[in-house]
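Asks: When you get a sec, could you give me coordinates for this:
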Amino acid sequence: MSFGTIVFGLVFVIPLIAFVLSIVWKDKSSRKLGVLVIAALVIFAVIVAYFANKDK
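Replies: Numbers count the residues shown, from 1 in each chain. A predicted model of the protein is given here:
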């Protein structure tokens, strides 16, 4: 993993996930579903990134 990838993750990805989770957390009626959807999207993104960068 390159330095640019780590910086991108720290500057953009982590705060974005935290922001979306804070919005989801405010809605009590669909909190569990929102967290599950965000978790599924993060896992899917990690899998896609892994396969996209596997040969590089």
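Asks: what bits of the protein have low per-residue confidence?
Replies: For the chain, the stretches with pLDDT under 70 are 1, 56.
Asks: any idea where the helices of it begin and end?
Replies: 3-8, 14-26, 31-52 (DSSP state H).
Asks: would you list these in CSV and tack on mean neighbour count?
Replies: The C-beta positions use only the backbone N, C-alpha and C, and glycine is treated the same way. Shown next, in CSV, are the helices of the chain (neighbours: other CB atoms under 10 Å):
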stretch, mean neighbour count
helix 3-8, 10
helix 14-26, 12
helix 31-52, 11
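Asks: Run the chain-centre distance for stretch 12-21.
Replies: How far stretch 12-21 lies from its chain's middle: 7 Å, per CA atoms, centre = their mean, to the nearest Å.
Asks: let me fix that: stretch 32-46
Replies: 7 Å.
Asks: burial measure for residue 11, as a count.
Replies: Per other CB atoms under 10 Å, the neighbour tally for residue 11 reads 10.
Asks: how near is residue 4 to residue 12?
Replies: Noted for residue 4: a distance of 12 Å to residue 12, by CB to CB, to the nearest Å.
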